[in-house]
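**Q** Coordinates for the following, if possible.
(one chain, ligands or ions: 1)
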Amino acid sequence: MLPEASARKPEDSPPFSLPSNLAIQSTSRTKSPHLALIMDGNGRWAARRGLPRSEGHRQGAKAVRRVVEGAARLGVGTLTLYAFSSDNWRRPQAEVEALMALFRRFLIQEIPICLRHGVQVRVIGHRHRLREDVSDAIERCEAATAGGQRMTLRLAVDYSSRAQLAKAARLVVDGCPEEMERALGRVNHPLECASPVDLLVRTSGEKRLSDFLLWECAYAELHFVDTLWPDFGAADVEEALLELSRRQRRFGGLGEQPAGTPADSRDPIRTGVR
Ligand code: FPP
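**A** Here you go, the predicted structure:
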């Protein structure tokens with residue numbers, strides 16, 4: 001992981017600390033915001049340079065490292081990254097293979113870095129459909145980083161929000177309350193880690209949710225930036241958090257009560273997960 005990095009000029013970036021003016025209204029009980037990122041634009045980044053798409057993804061993985069470190073330093077409580085949607089299986093096999101190899105390598109290589117920064121890694125999505133070497137790496141990384149207290153990094157791989165919601169609904173319709181209970185207690189449960197997202201950022205100028213965290217984004221602030229994902233860095237995370245701090249969040253009310261209170265106490269799926 002690059003130290004104190006911003007994507008554009010990593011070597012010139014000043015050290016990060018939580019800005020004192022960052023008064024973020026978070027729905028999280030810990031008051032550490034949940035930041036979700038749709039990492040888009042790897043292919044265009046590569047195409048503009050006459051490089052193969054796989055090189056865009058490789059540079060994208062470097063951006064992930066910068067962003068994870070920057071987010072942890074800036075006080076983000078949960079960072080959820082959309083790494084591979086269930087619809088991404090439609091891509092050419094070579095690209096899918098390259099992405100899976102990248103995820104596997106990342107999960108193994110990042111263990112010591114996550115430990116250093118107190119980052120706990122969790123993977124959400126259909127992990128049972130992934131290659132065995134990838135799911136083994138997931139288990140290894142999750143187990144090794146389980147004690148991380150500073151930030152939870154959630155990687156969404158083979159993830160579909162609609163599939164997740166449909167699964168939860170099926171459990172209810174099938175009258176399986178015990179299974180639902182059991183499922184809710186597990187890391188991979190249908191509404192897993194359904195803590196509300198405070199800020200959703202999508203890079204590359206596209207303005208879509210693409211089946212990502214549809215439930216958790218009910219009251220998320222949305223922020224779309226033109227930067228292509230491989231150029232994104234810690235400075236962009238800071239800018240996004242500043243943008244969040246400028247938003248007035250009312251959660252359907254008039255904005256007078258303390259942020260998060262009513263939503264937290266009435267939300268049936270607030271499970272205490274950061
Ligand atoms: C979307 O951009 C990006 C993806 C489908 C893959 C995301 C993967 C990474 C950021 C790299 C590795 C991640 C980890 C966690 C190690 P696109 O390829 O669709 O870009 P385009 O729209 O410009 O073609």
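**Q** contacting residues around the residue nearest to Gly125 when sequence neighbours are not counted?
**A** In space, and not counting its chain neighbours, Gly125 is closest to Tyr159: 3.6 Å by Cβ to Cβ, 6 or more residues apart in numbering. In this view, the C-beta of every residue, glycine as well, is placed from N, C-alpha and C. Residues near Tyr159 by Cβ atoms under 8 Å, 6 or more residues apart in numbering: 82-86, 124-126, 211-212.
**Q** pLDDT value on Pro3, please?
**A** pLDDT recorded at Pro3 is 32.
**Q** correction: Ser245
**A** Value for Ser245, per-residue pLDDT: 93.
**Q** what does Leu184 give?
**A** 52.
**Q** which element is Arg66 on?
**A** helix 53-74 (DSSP states H and E).
**Q** My error: substitute Arg170 in the last question.
**A** helix 161-173.
**Q** what's that helix packed up against?
**A** When contacts are defined as 3 or more Cβ pairs under 8 Å, 6 or more residues apart in numbering; DSSP states H and E, helix 161-173 packs onto helix 177-185.
**Q** what does the stretch 51-200 of the chain have sitting close to the ligand?
**A** The stretch 51-200 of the chain comes close to the ligand at residues 57, 60-61, 64, 81, 83, 88, 99, 102-103, 106, 155, as judged by Cβ under 6 Å from any ligand atom.
**Q** ok, 8 Å please
**A** 53, 56-58, 60-61, 63-64, 81-85, 88, 91, 95, 99, 102-103, 105-107, 155, 157 (Cβ under 8 Å from any ligand atom).
**Q** Just the buried subset of those, written out for ChimeraX, thanks.
**A** To isolate the buried members of those in ChimeraX, using 16 or more other Cβ atoms under 10 Å:
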select :53,56,57,58,60,61,63,64,81,82,83,84,85,88,99,102,103,106,107,155,157
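**Q** Which residue lies nearest the spatial centre of the chain?
**A** Centroid check for the chain by Cα atoms, centre = their mean gives Thr80 as the closest residue, at 1.2 Å.
**Q** so it sits in a strand?
**A** Yes - assessed by DSSP: H, G, I helix; E, B strand; the rest coil, Thr80 belongs to a strand.
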